[in-house]
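[1] missing the sequence, but the structure's below:
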């Protein structure tokens, strides 16, 4: 049987040259993300915004969205976002947070149940009061900051300063672009999204670390090789692995996007885009970054303590 | 060397087999599990048979999640009112009458006693009202819940300290959990989980509950029952309380409480034999019966005020002394209201109001759909990855695939032992680890290929591949672990379920992708003696 080979074995592709395109592209995308974040903004879910979310399922299999919108707007609970989903009569209703503190939120649910429960099944009801949503915003933010700090410590502990700097730039790049993905797709941003971002932080490092492990190994073996060549060699030798791992991860996430159901769909889509972003940044951002950071500035000291790999 | 001692192989296999067996109970329904347990011969010790199983999260099995918070201002109001009553008692006992009565402050009370001699007499008694907090051994040295200060011009202030307030909140939360448990138990709800969260929150999770409205009503009522007297003309110590079903009309009620909910030993729903109206029959304990008997004897002809949560539900006229220690509450109730009220009275009053701060309910249909979709995604992901690995690495891909299946099995095994909760994001986590678990295999195989192609023999290439890839495997897994651990401590409910799966996945991948694969390759090598790599 002839086996599949996605990436040729002895490749000598000049990845570093492509930084001419990848750096401006990433800079543009990052700026675009910041601009979009400030103009359009994230579509915060009720976890962070507070309010009430309901998912109804028409018992007849057909939802009358216009009627639902009309009658729920007449409740007097402010603006209602009514959206149809799926084909079998699914409707989601989102009410903003109600003035009057925690107790005021329950009234919305009760009113909706009284009005719609004859014709619709209530598949999901979520109410988050103002205090809890405030706390969730806080813990979400803390989570991402903690993750970045933890990553910094890990890199500081595990890698030379230059490599650590390259990796952290790559990770920040991936966080920014993932947030950009949220803004562009207007996927609901909630606690699960924080989980997705943290997982992407982990994955981003994973991709970078595998390349950098090799960079470090090659640095010790070929002491005089120019940085650009060294980085190209690191990427070329780890490319089969990068392609394989990205492919298997993407395949499993693809299964999740297609078959995982509505509740997990946006999480899976974000993760899938994250895998693409992380793979791209490990090759085209973090590594070429090292050309500018300089790879060998701290090398003389390291060379004395570092072991030379046996050249067999 | 690429050689394994027999004992090492057996040990590894044993770990894997045990791990997989642990997952078995989770594959069965509760009934099957119990039937299986009962069908075992009696000589099999019960600890030998795995019985722990994965718990399905509310988002998968359907049910309600209600987060309640103790209303601290309300609690403080109750506490300061109580403090006022205590101070009043002390004043009576010491025969001191303060200038301008007792002033209520947001967190305490204030009185003015200009006479220094009276103050000297009063202050030690007032200080006795302050309770030490926490460890009794600390005794005198420890902080107290009330701080008593007095100024030279005679102003005495008693304020609950921060530590005092925290202690009250902590105790109120504990008490509330007990009351909630009793209230829910009476309704016959199956397997509710009632947990404390933080200092002042209580998380109630009820699987299978579709409309938590009744639950919230049951939990939202303080159920503070008091028997007082309607005030007569010109009485001074009165509260103006709303009358039930009277359109907001308020009636004067004496402040003195004759008996209260805590004095009841039983309450049952019933019907009034004359009017056929739903009522609650109750019985007092000895203390309550005595006080109630005395008060009704002294006040024949006056109206009793039955006050529930600061609302007068009914005000019957006292026809004769009620000394038997039992009575009834009427108040134009419906049957449902009477049922609920007797539940509430039996379970006791909440120490403070509870507010719903978060509510999440998933219907059983959605949960079932999510499980179905999750299963489908898992199967498809497994097939895609397995086929892809086999197409790329051939026989070695097959080894990786066996390791992958064992890996998923071990995640389930570990989750079963830990009785971890599987949530929808948790399923997503499993699907994701299917994609990432083979990463270790890929790292090893690619390294082996490189080593062999750079001139090593197969056996030495395999050896070097495993050794050199190991550092990278540790690195690449610890980066994922960092994120997962933070997520575990930060998230709650569904998100935490994702973190659990991910952390366990990282642990098991080291066993399967490294140890198990290596063993399979070693066995294969000794059996086949290959001349070239099969990929």
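    Sure, I can see it. Predicted model only: the values in this text are computed from it and were never measured.
[2] so what secondary structure elements neighbour the strand or helix carrying residue A:240?
    Secondary structure from DSSP states H and E places residue A:240 in helix A:227-259. Using 3 or more C-beta pairs under 8 Å, 6 or more residues apart in numbering or on different chains; DSSP states H and E as the contact test, the elements touching helix A:227-259 are helix A:191-221, helix A:262-281, helix A:287-293, helix B:364-393, helix B:424-453. Just so you know, the C-beta spots here come from the backbone N, C-alpha and C atoms, and that holds for glycine as well.
[3] now these as TSV including distance to residue B:315?
    Shown next, in TSV, are the helices and strands packed on helix A:227-259 (distance: least, C-beta to C-beta, whole Å):
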stretch	distance to residue B:315
helix A:191-221	50
helix A:262-281	53
helix A:287-293	81
helix B:364-393	46
helix B:424-453	53
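[4] number of residues surrounding residue A:19?
    For residue A:19, the count of nearby residues is 20 (other C-beta atoms under 10 Å in any protein chain shown).
[5] not counting sequence-adjacent ones, nearest residue to it?
    Closest residue in space to residue A:19, ignoring its immediate chain neighbours: residue A:288 at 3.8 Å, by C-beta to C-beta, 6 or more residues apart in numbering or on different chains.
[6] closest one to residue B:171 among the helices and strands packed on helix A:227-259?
    helix A:191-221 (31.1 Å; C-beta to C-beta).
[7] nearest spatial neighbour of residue B:292, chain-adjacent residues omitted?
    Once flanking residues are discounted, residue B:292 sits nearest to residue B:259: 4.8 Å by C-beta to C-beta, 6+ apart.
[8] spatially central residue in chain B, please.
    residue B:195 (1.9 Å; C-alpha atoms, centre = their mean).
[9] please name the strands paired to the helix or strand harbouring that one in the sheet, noting orientation.
    Assigned by DSSP H and E, residue B:195 belongs to strand B:193-197. Paired with strand B:193-197 in the same sheet, following DSSP bridges, are strand B:201-207 (antiparallel).
[10] identify the residues contacting the strand holding residue B:195?
    Contact partners of strand B:193-197, identified using C-beta atoms under 8 Å, 6 or more residues apart in numbering or on different chains, comprise B:67, B:173-174, B:177, B:180-181, B:184, B:202-206.
[11] same thing but 10 Å
    By C-beta atoms under 10 Å, 6 or more residues apart in numbering or on different chains, the surrounding residues in contact with strand B:193-197 are B:55, B:58, B:63, B:65, B:67-69, B:170, B:173-174, B:176-178, B:180-181, B:184-185, B:201-207, B:492.
[12] contact partners for the residue nearest to residue B:482 when sequence neighbours are not counted?
    Spatially, and ignoring its direct neighbours in sequence, residue B:482 is nearest to residue A:150 (4.9 Å; C-beta to C-beta, 6+ apart). Going by C-beta under 10 Å, 6+ apart, residue A:150 touches A:201, B:479, B:482-483, B:485-486.
[13] possible to save these as TSV with distance to residue B:45?
    Formatted as TSV, the contacts of residue A:150 follow (distance: C-beta to C-beta, whole Å):
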residue	distance to residue B:45
A:201	46
B:479	43
B:482	41
B:483	41
B:485	36
B:486	41
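[14] okay, who's weakest in the residues you listed by pLDDT?
    When the contacts of residue A:150 are compared by pLDDT, residue B:479 scores lowest at 82.
[15] work out for me the element that residue sits within.
    Element membership for residue B:479 (DSSP H and E) is helix B:458-490.
[16] also residue B:240?
    Assigned by DSSP H and E, residue B:240 belongs to strand B:238-242.
[17] what packs against the helix or strand just after that strand?
    The helix or strand immediately downstream of strand B:238-242 is strand B:250-254, counting by DSSP H and E. When contacts are defined as 3 or more C-beta pairs under 10 Å, 6 or more residues apart in numbering or on different chains; DSSP states H and E, strand B:250-254 packs onto strand B:225-229, strand B:238-242, strand B:304-308, strand B:311-314.
[18] quick one, the first one and strand B:304-308 angle?
    Yep, that's strand B:225-229 we're talking about. Comparing the axes of strand B:225-229 and strand B:304-308 via axes from the mean of the first three to the mean of the last three C-alpha atoms, to 10 degrees yields an angle of 160 degrees.
[19] from the middle of its chain, how far away would strand B:225-229 be?
    In terms of C-alpha atoms, centre = their mean, to the nearest Å, the centre of strand B:225-229 is found 34 Å from the chain centre.
[20] now swap in stretch B:108-118 and tell me
    Stretch B:108-118 sits 45 Å away from the centroid of its parent chain (C-alpha atoms, centre = their mean).
[21] straight-line length of that stretch, end to end?
    Separation of the first and last residues of stretch B:108-118 by C-alpha to C-alpha, to the nearest Å is 21 Å.
[22] how about the helices and strands packed on helix A:227-259 in JSON lines, adding mean neighbour count and distance to residue B:163?
    Below are those laid out as JSON lines (neighbours: other C-beta atoms under 10 Å in any protein chain shown; distance: least, C-beta to C-beta, whole Å):
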{"stretch": "helix A:191-221", "mean neighbour count": "25", "distance to residue B:163": "33"}
{"stretch": "helix A:262-281", "mean neighbour count": "22", "distance to residue B:163": "43"}
{"stretch": "helix A:287-293", "mean neighbour count": "19", "distance to residue B:163": "52"}
{"stretch": "helix B:364-393", "mean neighbour count": "19", "distance to residue B:163": "44"}
{"stretch": "helix B:424-453", "mean neighbour count": "26", "distance to residue B:163": "39"}
